[in-house]
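Colleague: Compute the structure for the input listed below.
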Amino acid sequence: MRRLKNHAARERWIETTLRALPEGSSLLDVGAGECAYKPFCDHLQYLAQDIAEYDGAGDGVGLHTGKWDTSRLDFICDLYDIPEDRQFDTVFCSEVLEHVVDPVRAVEKMARLVKPGGRIILTAPFNSLTHFAPYHYCTGFSQYFYRTHLERLGFELIELTPNGGYFDMMDQELGRVTRARKQFRAGPREPLGALLMLLARLAVRAMAAMDGDRMDRRSAQLQTFGWHVVATKTETAPAP
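Modeller: Predicted coordinates for the structure are as follows:
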């Protein structure tokens, strides 16, 4: 696989996973925002929910999108207030858990929205920089978060895939140094410093290439961008 960055690798995994869902089955996209993944769901009964409070600018702290269009949502409410009069074949939630005030309660809520025999598909950062502030409450989630809570709620883990490893993360953050230096006025740019940064990035990329497949890095046990999760709800799952 060619060298993929965090976002592109996640997008590829999500597209493959969503397109493989059964034709005509129902899917609820929780925290859908701009409904970026709706094009991968044209074979599904797709519904999108979001609280729709973020506007692209937030409070100006950390990383922001600048623009944010939530006009394509099917319904607007807090995640915890999603009506439970209907269950779905699939509940999908991508890069949202860090933006809810109580992620355990959020997973419990989504679990109740999945039909017995249905599935939940989750992605979230393993750790993250401040973004979408002030709606950034958790810095990330390990594989043990998903194992503990999904199994407790009566789900069987089908897939738990890391998005890159330690060296991929180092490459990304080294590439962010120049932007951060400018944003926080952390001194002038020095040619020698820029050269050393480039050499460091080339070194960690070489290490990443020797660290196993992109979505199966050995160093993911130490650091990854996030875990990609698919779990199936058992017929005897307890009520959360």
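Colleague: Residue 151 against residue 145, yeah?
Modeller: No. With contact defined as C-beta atoms under 8 Å, residue 151 does not count as touching residue 145 (11.2 Å). To be clear about C-beta, it is placed using only N, CA and C from the backbone, and glycine gets the same treatment.
Colleague: The two: who's more crowded?
Modeller: residue 145 (20 against 13; other C-beta atoms under 10 Å).
Colleague: tell me the contacts of that one?
Modeller: Residues counted as contacts of residue 145 (C-beta atoms under 8 Å, 6 or more residues apart in numbering) are residue 103.
Colleague: Residues in contact with stretch 214-225: which ones?
Modeller: 1, 3-4, 6, 9-10, 13, 125-127, 161-169, 172, 208, 211-212, 228.
Colleague: Strands - which of these land there?
Modeller: 125, 161, 162, 228 (DSSP state E).
Colleague: Skipping adjacent residues, who's closest to the second one in space?
Modeller: When you say that, I think you mean residue 161. The shortest distance from residue 161 to any non-neighbouring residue, by C-beta to C-beta, 6 or more residues apart in numbering, is to residue 228 (4.4 Å).
Colleague: and what of residue 32?
Modeller: residue 48 (3.7 Å).
Colleague: Which helix or strand contains the one you found?
Modeller: For residue 48, the host element (DSSP states H and E) is strand 45-50.
Colleague: That strand pairs with which strands, and in what direction?
Modeller: The strands beside strand 45-50 in its sheet (DSSP bridges) come out as strand 26-30 (parallel), strand 75-76 (parallel).
Colleague: Using TSV, please lay out the ones you listed together with distance to residue 83, mean neighbour count and mean pLDDT.
Modeller: Shown next, in TSV, are those (distance: least, C-beta to C-beta, whole Å; neighbours: other C-beta atoms under 10 Å; pLDDT from 0 to 100):
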stretch	distance to residue 83	mean neighbour count	mean pLDDT
strand 26-30	11	24	98
strand 75-76	9	12	97
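Colleague: Ok, which of those strands comes nearest residue 92?
Modeller: Between residue 92 and the strands paired with strand 45-50, the shortest gap by C-beta to C-beta is with strand 26-30, which sits at 5.2 Å.
Colleague: And the strands in this protein, which stretches?
Modeller: Under DSSP E, the chain gives strands at 26-30, 45-50, 75-76, 88-94, 114-125, 155-162, 226-233.
Colleague: angle of the fifth one against strand 88-94?
Modeller: If you take axes from the mean of the first three to the mean of the last three C-alpha atoms, to 10 degrees, strand 114-125 sits at 10 degrees to strand 88-94.
Colleague: Please spell out which residues along strand 114-125 are buried.
Modeller: Buried residues in strand 114-125, counting neighbours by 16 or more other C-beta atoms under 10 Å, are found at 114, 115, 118, 119, 120, 121, 122, 123, 124, 125.
Colleague: So among the ones in strands among the contacts of stretch 214-225, which ones count as buried?
Modeller: Members of the ones in strands among the contacts of stretch 214-225 classed as buried by 16+ other C-beta under 10 Å are 125, 161, 162, 228.
Colleague: got the end-to-end distance for stretch 129-143?
Modeller: Start-to-end span of stretch 129-143 (C-alpha to C-alpha, to the nearest Å) is 19 Å.
Colleague: what number of residues lie near residue 220?
Modeller: For residue 220, using other C-beta under 10 Å, the count is 23.
Colleague: Check residue 18 too.
Modeller: Using other C-beta under 10 Å, the number of residues around residue 18 comes to 23.
Colleague: Is it correct that residue 97 is in contact with residue 124?
Modeller: Yes. With contact defined as C-beta under 8 Å, residue 97 reaches residue 124; the gap is 4.1 Å.
Colleague: Which neighbours do these two have in common?
Modeller: Common neighbours of residue 97 and residue 124 (C-beta under 8 Å, 6+ apart) are residue 141.
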